[in-house]
Structure formats: C-alpha cells, structure tokens
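[1] any chance you can model this:
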Amino acid sequence: MSPMMRRRIGRPSLIGAAATTAVVVGTAGAVKGKQQQKAAQQQAAAQQQAAEKQQMAELQASQEALAEQQAKQSQAPIQAAPAISMDEKIAQLEKLAKLKDAGILSEEEFAAQKAKILAG
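    Numbering: from 1, shown residues only. A predicted model of the protein is given here:
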C-alpha cells in the first residue's frame, strides 16, 4: 500500500474533527435561535393578553359606573315645577291682556300663553 492511500484507523483527521465541530456548533446555534424566537413570541402574546384583559376591565368598570349613574338618576325623585299661586296667575294674565291691548300680542299668541298659564 502506498503512503497516500493509507488511512488512519481509530482517530479522525484534523479536518474531519474541525468539520464535525462546525456542524455541532452550527446546529446548537440554530436551536438556540429558534428557542429565543419562540420565547419572544410567547412573551409578546402574554403582553397582548394582559393588555386586552386590562382594556376589558376598564370597559367593564366604565359600564358599571354608567349603569350606577343611570340607576341613581332613575331613583332620584322628579321635582315638579313649583305650583303657581292663583294670585300669580291672575297677575300674569293681566300682563298678557295689557300686551294684547297694546298690540304686541296677537289674539292667537294671547290664547296660547293664557292656556299655558292656566294649565300650570
């Protein structure tokens, strides 16, 4: 056998060892990159879920506050306009009559105002 054709038996050559090391390092780097990418995606998804949860809580709180405000308004007694005494009604009608006599109010306007005063 010639010296060129002779192979070492048992240990790989220096180039073979370097190539094996390069493959192992490259594979480890690729796996690490994928793991980091997956972790970043999971973290982004968790942050988005937290933000959505916060928005839902704020929306629910504002809806509850609005419902509470509406309930308070519906429970509040409705205050009617204070009743006008008969003397006040008569005084208002006299003023209207003077305005109608002066020509400031027409007959229709006088009748409409008179109906409002008497209804109140």
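[2] quick one: the helices in this structure?
    Remark: helices assigned in the chain by DSSP state H are 14-75, 86-101, 107-119.
[3] where among those is average confidence lowest?
    Among the helices of the chain, helix 14-75 has the lowest mean pLDDT, at a mean of 84.
[4] rewinding a little: with mean neighbour count added, can I get the helices of the chain in JSON lines?
    Quick note: C-beta positions are derived from backbone N, CA and C, even for glycine. Formatted as JSON lines, these follow (neighbours: other C-beta atoms under 10 Å):
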{"stretch": "helix 14-75", "mean neighbour count": "10"}
{"stretch": "helix 86-101", "mean neighbour count": "13"}
{"stretch": "helix 107-119", "mean neighbour count": "12"}
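[5] tell me the phi and psi of Ser106?
    phi -80, psi 170 (degrees, to the nearest 10).
[6] so what pLDDT did it get?
    89.
[7] from Ala22, how far off is the closest residue to it other than its chain neighbours?
    Closest residue to Ser106 apart from its sequence neighbours, by C-beta to C-beta, 6 or more residues apart in numbering: Lys100 at 7.8 Å. Distance of Lys100 to Ala22, given as C-beta to C-beta, to the nearest Å: 110 Å.
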